[in-house]
Structure formats: C-alpha cells, structure tokens
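# Build me a model:
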Amino acid sequence: MTVDTFINYLVIAGVVQGFLFNLITLFFGKKYGPVVLYLNLVVLFISLNNLQSWLRVMGYASDHFFIKSMVIPWYLLIFPSFYNVFRHYLGVLSKTRNYMPWVLGLFLVEVIIRAVLVLMNSSLGSETLAARVESYNVVEEIINISICLFIYLKAAQLVFMRQDWYRKFLTFDSIGWIKAFIILGLSIMLLWIFGLYLRATTGYDISVYHPLRLASSFLLYWIGYQGLYRYNIVQDRILIRKSLQQDSKRLPTREAESNERLHEKHLGEFNRIREDLVQNRKYLDPDLTLEKLAKEQFVSSGHLSRIINLYGNRSFNDFINELRVEQAKTFLSDSEYSPYTIVSIGLECGFNSKSTFYSAFRKFTSQTPSQYREDQT
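Numbers count the residues shown, from 1 in each chain. Now for the predicted structure:
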C-alpha cells in the first residue's frame, strides 16, 4: 500500500465517521442547542471538504470541465462555525460578533464567481481555461486563509485574554479542551499556509495538502467529540447546581455524639462547623482546603484538623469527601437524575475529576457510582 493510498483511506474513513457523528448527535442525542448545531456544522464542513478532495483524487469526479472546476470552498465555513461554538458554549454572545453571516455571504459569492469564470471562458482551450481557474484558486485561497486566520486570532483572544467575560462559567469547566484546540489549531494554520505557498510557487499538487488534510481531520473530529462530551457535562452541571439550591436536596445536619473524654466546648465547635459546611454547602467547593476553612472559622488549621479527627473520626479530606459522596448518593438514587452523567454529578458535588470521585465513592460505599445507581433502580 502506497502512502497516498493509505492517506486516502484515512480521509474517506474520517468522512464516514463525520457523517455518522452528524446522524447520531442530531437524531439520537439527548441534548440539542446552538452548541451542538455548530459542532455538527464543523464536522459536516470538514466531511464535505474531505469528501470532495477524495472524489477528485480518486478520479470519481465528472470529466466535464464545468463540474470538475466547481470546487466548493467548504473549508471557509469551518472556522466561523467553531468560533460560534465558543461563543455559545462560553455564553459571550453579547460581547462577541457572529462572523458566520458575513463568511456565508462570501462563500456564496465565491461559488458564483467560479461558475461565471468557467462559463465565460468555456470557449478557450482546456489548458488556458485550466490555468485561469488555477490562478483564481490561488487568489481565492489567499482571501479565505486571511479571513480564517483573523477569526482564529479572535478565538485565541477570547480564550486566553477575555476570561473575565465568562468568569462564572469557569466554575463549570476549566475549558482546557478549548485551549488545546487553539494551541493545536496553530499547526493547522501553519500547514495551510505552507501548502498554499507550495501551490503558488510550484504548481498544484494534491500531495502538498496531505499533512493539512490529515491534521485537520484528526484534530477537528476529536474536537467535535470532545466538545459534545464537555457540553453535555456542563449542561448537566448547570441543572444539578439548580437542584442543589433546593431545600429538598440538602444533606441533613447531624451532631456528633457526646463523649465524656471530649471537651464539650470542642464538641459544640465541631457541630457548628459541620452545620456551617452542610447548610451553606461549602463542601461542594472543589477548592476547599483545611487552611481555607480554618480561616473562615477563625481558628488555626492545626486546631481544626484535630477537632475533625476527634469528633468526625476522619481526616479533613475524608470528612469533606464523605459529605460529597453523600450528596452524590442523593442524586444517583433519584430517578429524576438518571439522564445526567455520573461524571457531571461527581464534578458538581465538589470533586475535581472523575478518578477522585470514583475513588472516594468506592471508599465510603464499597461500590462504584455506576453500581450504586443500578442498585437503586
């Protein structure tokens, strides 16, 4: 198998995967909104662009020159679509501009110009006509790459320099996957610029775009799945957080039992601290530390640690994690929350990651969250 054959195989496999992604998320997904819509558009435009390229390389395109020359610039719509994913995902619509209508207008104009160019010059010889079309291709791509680079820079500015616009959202998601896309997306832009340079200086050869085709397919398909996964978790966490504000979802306050060997003053202090943690749901704060809680309670961290060890029979971390697990159990045992992912429940109950949630849950229940949920149904 040659390198070209292998690359073409990967490209068409990615196209099929992209169409399946659209089919499954649009018709079988549990959540649908602007974020899902634009994620699907990103994957759709990549799929259409790569399918068009694959058909031309494999010789399945029509021999008729008009049809053969009508290369649709689907790639132009990818960047504004993903920028809209960011805008809706982060909730910054009023502070950012939607470039999609302008780019879509340019897209239609370019298609019309290409059609007119071919029709008006159809009387020329095939070689002359092909040369003119190729010259137009280069000009068109320079314009398009400039626009996409501009939108890319606006996206990078939003993610890395405008976090104050969506500070509240960061309590639901660290947006690490978006930052990864922005950083890795730079390689896509550089490969595109490099391919365009070779095309303009050495003549058109599909091989100059092999690295770009592979990199964009793998990166953007991954971003599509990652974006859908993160979107579902964030939506779950938003709804779960609203539920946590209801009194019916509060954990019961319990006082530690008195023991003659323990000082009543310290016992009362422990009960007061626990009640404050439960009533104000401070245990849901993933950044809660012994030092932070001690400062809030106006005691030393050493004193607070000793009180929790004596009266809670737990280390500080285990004491807080047990409260978080109890809160998670109330959701996992309620059929109303069965559509929500276990990961989103764990994160919204104060755990920093899926692994710490599962580890703590197993420690205090001897079951995984999945097993516990199944036993409650």
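# mind showing which ranges of the chain have poor pLDDT?
Low-confidence segments of the chain (pLDDT under 70): 1, 29-31, 60-69, 121-127, 129-130, 203-208, 210, 220, 245-263, 377.
# now the spatially most central residue of it, nearest residue through space, not along the chain?
Central residue of the chain (C-alpha atoms, centre = their mean): residue 227, 2.6 Å from the mean position. Excluding its sequence neighbours, the residue lying closest to residue 227 (C-beta to C-beta, 6 or more residues apart in numbering) is residue 39, at 5.0 Å. C-beta: built from backbone N, CA, C; applies to glycine.
# The helix or strand hosting that neighbour packs against which elements?
If you go by DSSP states H and E, residue 39 is part of helix 34-58. The contact analysis (3 or more C-beta pairs under 8 Å, 6 or more residues apart in numbering; DSSP states H and E) places helix 34-58 against helix 3-27, helix 78-90, helix 210-244.
# which residues touch that helix?
Residues outside helix 34-58 that contact it (C-beta atoms under 8 Å, 6 or more residues apart in numbering): 4, 8, 11-12, 14-15, 18-19, 21-22, 25-26, 29, 61, 68, 71-72, 74-75, 77-78, 81-82, 84-85, 88-89, 206, 209, 213, 216-217, 220-221, 223-224, 227-228, 231.
# could you check the angle helix 78-90 makes with it?
160 degrees (axes from the mean of the first three to the mean of the last three C-alpha atoms, to 10 degrees).
# So which bits of helix 34-58 are buried?
Across helix 34-58, burial judged by 16 or more other C-beta atoms under 10 Å covers 35-54, 57.
# Same question for stretch 181-191.
Buried-residue list, stretch 181-191, by 16+ other C-beta under 10 Å: 181, 182, 185, 188, 189, 191.
# pretty sure the first one contacts residue 216?
I take that to be residue 181. No: applying C-beta atoms under 8 Å, one finds residue 181 not in contact with residue 216, separated by 11.7 Å.
# Would you pull up how far the helix holding residue 39 lies from the middle of the chain?
Averaging C-alpha positions (C-alpha atoms, centre = their mean, to the nearest Å) puts helix 34-58 18 Å from its chain's average.
# Could you check the angle that helix makes with helix 3-27?
Using the same axes, to 10 degrees, helix 34-58 lies at 150 degrees relative to helix 3-27.
# Determine the angle, from 0 to 180 degrees, between helix 34-58 and helix 210-244.
Using the same axes, to 10 degrees: helix 34-58 against helix 210-244 is 160 degrees.
# what domains does the record give for this protein?
Using automatic domain parsing, the domain parsing of the chain gives 3-243, 247-376.
# Any idea how many residues pack against residue 119?
Per other C-beta atoms under 10 Å, the neighbour tally for residue 119 reads 10.
# where's it, which helix or strand?
helix 100-120.
# Residue 155: which of the buried residues of stretch 181-191 is nearest?
Closest approach to residue 155 among the buried residues of stretch 181-191 (C-beta to C-beta): residue 182, at 6.3 Å.
# Got phi/psi on residue 73?
Residue 73 has phi and psi values of phi -80, psi 60 when expressed as degrees, to the nearest 10.
# which residues touch it?
Per C-beta under 8 Å, 6+ apart, neighbours of residue 73: 107, 110, 111, 140, 141, 144.
# Of the residues you listed, which is the nearest to residue 279?
For the contacts of residue 73, the nearest to residue 279 is residue 107 (56.0 Å; C-beta to C-beta).
# you'd agree the closest one is up against residue 79?
No: between residue 107 and residue 79 there is no contact under C-beta under 8 Å: 11.8 Å.
# Same drill for those two, tell me which one is more crowded.
residue 79 (27 against 18).
# Return the residues in contact with the more buried one.
So residue 79 contacts 103, 147, 148, 151, 152, 155 (C-beta under 8 Å, 6+ apart).
# Closest to residue 352 out of the residues you listed?
Using C-beta to C-beta, these come closest to residue 352 at residue 155, 26.6 Å.
# number of nearby residues for that closest one?
Residue 155: 22 neighbours (other C-beta under 10 Å).
# residues in contact with it?
79, 82, 83, 86, 182, 185.
# returning to that earlier point: helix or strand next in line after the helix holding residue 119, which one?
Using DSSP H and E, the next helix or strand after helix 100-120 towards the C-terminus is helix 126-161.
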